[in-house]
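**Q** Test case, fold it:
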Amino acid sequence: MIAMLNVDATRYCDLEQLDYLTTTPCVPIESYLDAFGNWCSRLTAPAGAFTMATHGIFFDTGKTDPAFPAAYQHAVQDLPAESLVYLVGSRYCDTDVLSEEAWRLFGETKTGWARVQAICDYVHQQVTFGYEHARATRTASETLTEGRGVCRDFTHLAISFCRCMNIPARYCTGYLSDIGESEPHPPCDFAAWMEVFLANRWWIFDPCNNQRRIGRFLIGHGRDAADVPHTQTFGENTLRSFEVWSEISS
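**A** Below you'll find the predicted structure:
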């Protein structure tokens, strides 16, 4: 198995208690950085019931995701080389299928932050969320056609539209707390969102929730969900259950 469950290195400075990966029964774990700089854990699970867990304590400002409505869009020739991989299509982000529709929908919008927000607004309005709609093989164009999905589908579609409009966009997965959210809210879960490159840095956008949130912790980023599975297994297995939680430490 390859597991990607630890909080990204960008939050190491906020560590109060390290989120070690533990297993029951205990097995040796080898850790490494993948091609995108994500922290991965490699292990061999024995036959029978097997549990993996992480539990960390992190400092958080309690502020919502940063926003900069004046953020401008770079001309393609001015983009840094490392961002260019996030302009092209990938497994779930089929930009070749969506390019014409993207320009029809967003070609007249103001460039930069406003264009990305217009894309998020559109995806949020056009796609219906439901866990019963989850499908591991759904592409961005299929999400648009079917009009339903989960957070990864919202994210793949928004990323694809951004790339079609020459805005680098990368897929992010991590922990999203329910802190600051009004009751009732669903149980915590892993979450997907995107980062776009505007005004010389990456900015968070969340087309599924379509709002700035508190307590968002990145696990990893890549071209799409294929690059950042929480667990990649090799061999027969059945996921019995999982739990994600967040709480304010006293």
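**Q** For the most centrally placed residue in the chain, which non-adjacent residue is spatially closest?
**A** With distances taken as CA atoms, centre = their mean, Cys172 lies nearest the centre of the chain, 2.4 Å away. In space, Cys172 comes closest to His221 once its chain neighbours are excluded; the distance is 4.7 Å by CB to CB, 6 or more residues apart in numbering. All C-beta atoms are positioned from the backbone trio N, CA, C, and that covers glycine.
**Q** quick one: Ile167 and Ile159, what's the gap?
**A** As for Ile167, its distance to Ile159 is 9 Å (criterion: CB to CB, to the nearest Å).
**Q** more crowded one of these two?
**A** Ile159 (33 against 25; other CB atoms under 10 Å).
**Q** all strands of this protein, in order?
**A** Ranges of strands within the chain are 2-3, 15-17, 21-24, 30-33, 39-42, 51-54, 57-58, 128-129, 148-149, 169-176, 190-198, 201-205, 216-222, 231-232, based on DSSP state E.
**Q** picking up where we left off before, report the contact partners of the residue nearest to the centre of the chain.
**A** Neighbouring residues of Cys172 by CB atoms under 8 Å, 6 or more residues apart in numbering: Thr155, Ala192, Trp193, Met194, Glu195, Ile204, Leu218, Gly220, His221, Val228.
**Q** is it in a bridge, and if so with what?
**A** The partner list for Cys172 in beta bridges (DSSP bridges) reads Trp193, His221.
**Q** Who is Arg201 paired with across the strands?
**A** Residues in beta-bridge contact with Arg201 (DSSP bridges): Leu198.
**Q** For it, give me the pLDDT.
**A** We have a pLDDT of 98 for Arg201.
**Q** Likewise for Glu247?
**A** According to the prediction, Glu247 has pLDDT 82.
**Q** Same question for the one 3 residues further on.
**A** Note for Ser250: predicted pLDDT of 66.
**Q** on that earlier part again, show me the one of the strands of the chain that comes nearest Gly112.
**A** Comparison of the strands of the chain against Gly112 by CB to CB identifies strand 190-198 as nearest, at 5.8 Å.
**Q** For that closest one, what does the pLDDT average out to?
**A** 96.
**Q** What is the neighbour count of Glu30?
**A** Using other CB under 10 Å, the number of residues around Glu30 comes to 10.
**Q** scratch that, Tyr171 is what I was asking about
**A** Counted with other CB under 10 Å, the neighbours of Tyr171 add up to 27.
**Q** so who does it touch?
**A** Per CB under 8 Å, 6+ apart, neighbours of Tyr171: 93, 152, 155-156, 159, 192, 194, 221-225, 227-228.
**Q** same thing but 10 Å
**A** Residues counted as contacts of Tyr171 (CB atoms under 10 Å, 6 or more residues apart in numbering) are 36, 86, 90, 92-93, 152, 155-156, 158-159, 192-195, 220-228.
**Q** Also Cys40?
**A** The contact partners of Cys40, by CB under 10 Å, 6+ apart, come to 2-6, 30-34, 220, 228, 232.
**Q** so where's the protein uncertain?
**A** Scanning the chain for pLDDT under 70 picks out the ranges 184-187, 250.
**Q** can you give me the helices for it?
**A** Applying DSSP state H to the chain gives helices spanning 95-106, 113-126, 140-146, 151-164.
**Q** send the alpha carbons of the shortest one over as PDB?
**A** Right, the one you point to is helix 140-146. Output of helix 140-146 as PDB, limited to C-alpha atoms (Å, rounded to 0.1, in the frame of the first residue of the first chain):
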ATOM      1  CA  ALA A 140     -14.800  16.500 -15.900                       C
ATOM      2  CA  SER A 141     -16.800  16.400 -19.100                       C
ATOM      3  CA  GLU A 142     -19.000  13.600 -17.700                       C
ATOM      4  CA  THR A 143     -19.600  15.700 -14.600                       C
ATOM      5  CA  LEU A 144     -20.800  18.500 -16.800                       C
ATOM      6  CA  THR A 145     -23.100  16.200 -18.800                       C
ATOM      7  CA  GLU A 146     -24.500  14.300 -15.800                       C
END
